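Q: return a 3D structure for these sequence lines:
(one chain, ligands or ions: 1)
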Amino acid sequence: MAVNFAVDLPQGTPMGKDHRKGMDVIRQSVVTCPRCGARAQREMPTDACIVVFECDSCRVVLRPKSGDCCIFCSFANVQCPPVQLRQGVNDAL
Ligand SMILES: [Zn+2]
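A: Below you'll find the predicted structure:
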């Protein structure tokens with residue numbers, strides 16, 4: 001005799017992969033050069049981290065500060081998509 005506790009579980013809940021529950025990731029980020037102050041808007045890839053950035057103005061090559069995963073986290077006004085997602089998850093908890 002089985003007591004069925006599972007009847008109320010939602011059917012077809014997607015596991016893994018495609019659970020982008022309407023969370024918008026900002027793809028455009030404005031990098032501010034710490035050396036000359038020049039700003040450059042760049043589109044961030046969602047599946048990779050940009051770890052080298054050359055300033056259009058003074059040609060300095062930026063690399064992430066220690067602890068940051070990419071130059072957007074260190075020098076831009078918007079952090080990279082993976083960090084945005086991580087923060088979104090943390091905020092929801
Ligand atoms: Zn610069």
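Q: hey, which helix is longest across the chain?
A: Once the chain is assigned using DSSP state H, the helix that runs over the most residues is helix 81-92.
Q: what residues does this structure put near the ion?
A: Applying CB under 5 Å from the ion, one finds that the chain approaches the ion through 33, 35-36, 38, 55, 57-58, 60. Glycine gets a C-beta too; all of them are placed from N, C-alpha and C.
Q: one more time with 8 Å, if that's ok
A: Contacts of the chain with the ion, taken as CB under 8 Å from the ion, map to 33-38, 55-60.
Q: first-to-last residue distance for stretch 44-56?
A: The stretch stretch 44-56 measures 17 Å between its terminal residues, going by CA to CA, to the nearest Å.
Q: would you map the strands across the protein?
A: With DSSP state E as the criterion, the chain has strands at 28-32, 39-43, 53-54, 61-62.
Q: just give me the neighbour total for C69.
A: Residues within reach of C69, counting by other CB atoms under 10 Å, total 15.
Q: kindly report the same for the one 3 residues further on.
A: The burial metric for F72, expressed as a neighbour count using other CB under 10 Å, is 25.
Q: OK, contacts around it?
A: Residues counted as contacts of F72 (CB atoms under 8 Å, 6 or more residues apart in numbering) are 29, 31, 42, 44, 50, 78-80.
Q: so the longest helix of the chain versus strand 28-32, what angle?
A: Angle between the axes of helix 81-92 and strand 28-32 is 110 degrees (criterion: axes from the mean of the first three to the mean of the last three CA atoms, to 10 degrees).
Q: show me the contact partners of helix 81-92.
A: Contacts for helix 81-92 (CB under 8 Å, 6+ apart): 23, 25-27, 44-46, 49, 69, 73, 78-79.
Q: got it, and stretch 49-60?
A: The contact list for stretch 49-60, computed with CB under 8 Å, 6+ apart, reads 31, 33, 35-36, 38, 40, 42, 44, 61-64, 69-72, 75, 80, 82.
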